[in-house]
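> fold the following, please.
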Amino acid sequence: MAEDDDLKLPHESPQDQAEEQVQDADSTLPVDDAEKPLTADVSADVSPVVDEFMAKAADANIAEEHAVGEEATFGGHAGMEAAAFAASAAPPPYISFEHVSKSFGDFVVLNDVSFYVNSGETLCILGRSGVGKSVSLQIIMGFLKADSGKVTVAGEDIDGMSERELQEVRRKVTMVFQNGALFDSITVGENVAFPLREHKDMQEDQILQVVKGLLEMVGVAGMENLLPSDLSTGMKRSVAIARALAAQPTAVLYDEPTTMVDPLMGHLLGSLIQRLKAQLHLTSIVVTHDMRFAQRLADKIVFLHEGKVHFFGTTEEMRNTEDPVLREFLALDELVLPG
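A predicted model of the protein is given here:
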């Protein structure tokens, strides 16, 4: 028996409704365009406030880039062909590892690892599972402490910092976790508003406008009143990015942003990361196992293998390498499984 089109289907969950909204709004793959304004899809009623908010973030990032350039130095090397590449770093990097090692008991995760990313650039960390990609991000954030070596974040050596000092660093550098790490007990809108209310420099009506605009910007418009449990994995990642942007960071770390998401959402997230770099001068580190995604985003790639940096260089250098370990990884990445 046909169901009345005017009636809500009893089995239609909030997640089903949310996914339908995304599909209706994004029925075709967007064209990659780093120059497309970040606020191009933001509603006219909130656009002025959101435009001002994003312009302020871009100005702050440019100022931070200049400040770090005056203070930071980099003296490490990643080994192999990357040594000359790292030695040529100019201006000084925004984030760097110098001879960093980390073990858990007898298991060595990182062994004398060195790499860097300059302000306004994107570094992709590649490698198979268990090689220390996510551990590297947690060390940068100060959630884990390196056993040895030097870690510089926002031009500052974070080794020996107190938790209070690390909190100040995390105001500049934020992380988008695989699971989104949203607050489960509050709505999507309240999640995004959380860092805005912490800053205490905006009126409530402005906060609500920025929240609406950020959600529209990341492709999950109109979901302010849903709970995180109502969302798919990809939508949780989008909300997590919106919440990160609300904090107006200078750098964002992404842990496997396209894992367990559909191709459309993965494409949207990739386009967003590109535009954030181009228009907000955001520094990004992206952990991924997907070489094609990395080629699309990265200025530099670091490939971790057996706890060490096996390669550090540009995407073109990696594509042209004759190294057997890298060639095997690239060949596996190109495999297309039959449908």
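
> quick one: contacts for the residue nearest the centre of the chain?
Geometric centre of the chain, nearest residue: Tyr254, 2.9 Å, by CA atoms, centre = their mean. Listed by CB atoms under 8 Å, 6 or more residues apart in numbering, the contact set of Tyr254 reads Met175, Val176, Ile273, Ser284, Ile285, Val286, Val287. In short, each C-beta sits where N, CA and C put it, glycine included.

> and it, what are its bridge partners?
Counting by DSSP bridges, Tyr254 forms beta bridges with Val176, Val286.

> that older thread, which pair of the contacts of Tyr254 spans the longest distance?
Spatial extent of the contacts of Tyr254 (CB to CB) is set by the pair Met175 and Ile273 at 13.7 Å.

> and those two? which has more neighbours close in?
Ile273 (23 against 20; other CB atoms under 10 Å).

> spit out the contact partners of that one.
Thr122, Tyr254, Pro257, Ser284, Val286, Leu297.

> how about residues contacting the longest helix seen in the chain?
Longest helix in the chain by number of residues (criterion: DSSP state H): helix 47-71. Helix 47-71 is contacted from outside by 38-39, 42, 91-92, 94, 119-120, 154-155, 172, 206, 209-210, 213-214, 217, 245, 248, 250, 279-282, using CB under 8 Å, 6+ apart.

> average pLDDT across it?
Mean pLDDT, helix 47-71: 79.

> in that helix, which residues are buried?
Buried positions in helix 47-71, judged by neighbour count with 16 or more other CB atoms under 10 Å: 47, 49-50, 53-54, 57-58, 60-61, 64-65, 68-69.

> can you redo those as CSV with distance to Asn225?
As requested, these are exported to CSV (distance: CB to CB, whole Å):
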residue, distance to Asn225
Ser47, 21
Val49, 20
Val50, 19
Phe53, 22
Met54, 24
Ala57, 26
Ala58, 30
Ala60, 30
Asn61, 31
Glu64, 34
Glu65, 37
Val68, 39
Gly69, 43
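
> ramachandran coordinates for the residue nearest to Ala246 when sequence neighbours are not counted?
Excluding its sequence neighbours, the residue lying closest to Ala246 (CB to CB, 6 or more residues apart in numbering) is Pro195, at 4.6 Å. Torsion angles at Pro195 (phi, psi; degrees, to the nearest 10) stand at phi -70, psi -30.

> any idea how far Phe183 is from Pro195?
12 Å (CB to CB, to the nearest Å).

> so those two - more neighbours on which side?
Per other CB under 10 Å, whichever of Pro195 and Phe183 has more neighbours is Pro195, with 17 against 14.

> please name the residues that touch that one.
Counting by CB under 8 Å, 6+ apart, Pro195 has contacts Arg243, Ala246, Ala247.

> what segments of this structure are helices?
Residue ranges of the helices in the chain, as given by DSSP H, are 14-25, 47-71, 82-87, 133-140, 163-170, 188-199, 204-217, 233-246, 263-280, 291-297, 315-319, 324-334.

> tell me which of these sits nearest to Asp106.
Using CB to CB, those put helix 133-140 closest to Asp106, at 15.7 Å.

> which ones are touching Glu216?
Asp41, Val42, Ser43.

> model confidence for the first one, exactly?
Translated: Asp41. Per-residue pLDDT puts Asp41 at 83.

> so who does it touch?
Glu216, Met217, Ala221.

> let me know how buried Pro91 is, in neighbour terms.
Pro91 has 15 neighbours, counted by other CB under 10 Å.

> just checking, it touches Asn118?
Yes. Counting by CB atoms under 8 Å, Pro91 touches Asn118, with 6.4 Å between them.

> show the pLDDT at Gln21.
As predicted, Gln21 sits at a pLDDT of 44.

> what does stretch 198-211 rub up against?
45-46, 49-50, 53, 189, 192-193, 196-197, 224, 242, 246.

> sort out which one of the contacts of Asp41 lies nearest Glu328 for me.
Of the contacts of Asp41, the one sitting nearest to Glu328 (CB to CB) turns out to be Met217, at 38.7 Å.

> pretty sure the closest one contacts Lys36?
No. Using CB under 8 Å, Met217 is not in contact with Lys36; the gap is 11.0 Å.

> which of the two has more neighbours?
The neighbour comparison of Met217 against Lys36 (other CB under 10 Å) goes to Met217, with 24 against 16.

> show me what contacts that one?
Shown in contact with Met217 (CB under 8 Å, 6+ apart): Leu38, Thr39, Asp41, Val42, Val50, Ala242, Leu245, Leu272.

> wait, the last one touches Ile241, no?
What that stands for is Leu272. Yes. Using CB under 8 Å, Leu272 is in contact with Ile241, at 6.7 Å.

> give me the more crowded residue out of these two.
Between Leu272 and Ile241, counting by other CB under 10 Å, Ile241 is the more crowded of the two (26 against 20).

> low-confidence ranges in the protein?
The chain contains residues with pLDDT under 70 at 1-34, 68-90, 333-339.

> among the contacts of Pro195, who's most crowded?
Counting neighbours by other CB under 10 Å, Arg243 leads these with 27 neighbours.

> so how far is Pro257 from the residue lying closest to that residue once chain neighbours are set aside?
Leaving aside its sequence neighbours, Arg243 sits nearest to Val192 (CB to CB, 6+ apart; 4.9 Å). The gap separating Val192 from Pro257 is 17 Å, by CB to CB.
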